[in-house]
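Enquirer: kindly return the folded structure for what I paste below:
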Amino acid sequence: MNKTDMAMKLAKKAGISQAKAAEILDIIFAAQPGKGLIATALDAGQKVTIPGFGTFSTRQRGERQGRNPATGETITIPKKHYVHFKPGKTLRERVEK
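Expert: Below is the predicted model:
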């Protein structure tokens, strides 16, 4: 399912226009700087918990040593922040079926 499909289904279920549904999805999920409720909260170091669905959070992977596969040379891989999603119990159980 892509964003257009999701907007169509949201519009139908909520009884709103498809354009309004797409706007709502952008407000929640946009990843551009300064936009998107979830991304903005993650930028601020907050967790976003949607009960039954899951939790979005950020994690940090420390600096570590690795190897360049082409040359075998040891390289330093810098530390990195990344987004983590932990599915909620309800979602996990539904997908397991």
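
Enquirer: got the contact list for residue 32?
Expert: residue 39 (CB atoms under 8 Å, 6 or more residues apart in numbering). For glycine as for every other residue, the C-beta is placed from the backbone atoms N, C-alpha and C.

Enquirer: sorry, that was for residue 31
Expert: Counting by CB under 8 Å, 6+ apart, the residues that residue 31 touches are residue 39.

Enquirer: any idea which element the residue in the chain sticking out farthest from the centre lies in?
Expert: Here the chain reaches farthest from its C-alpha mean at residue 71, the gap being 34.7 Å by CA atoms, centre = their mean. Per DSSP states H and E: residue 71 is located in neither a helix nor a strand.

Enquirer: how close does it sit to residue 20?
Expert: Applying CB to CB, to the nearest Å, the value for residue 71 to residue 20 is 54 Å.

Enquirer: and residue 92, by the same measure?
Expert: 31 Å.

Enquirer: now residue 29
Expert: Residue 29 is 15 Å from residue 20, by CB to CB.

Enquirer: cool, and residue 2?
Expert: For residue 2, the distance to residue 20 - CB to CB - is 18 Å.

Enquirer: between the two, which one's more packed in?
Expert: Using other CB atoms under 10 Å as the criterion, residue 2 and residue 20 rank with residue 20 on top: 13 against 6.

Enquirer: thanks a lot, catch you later.
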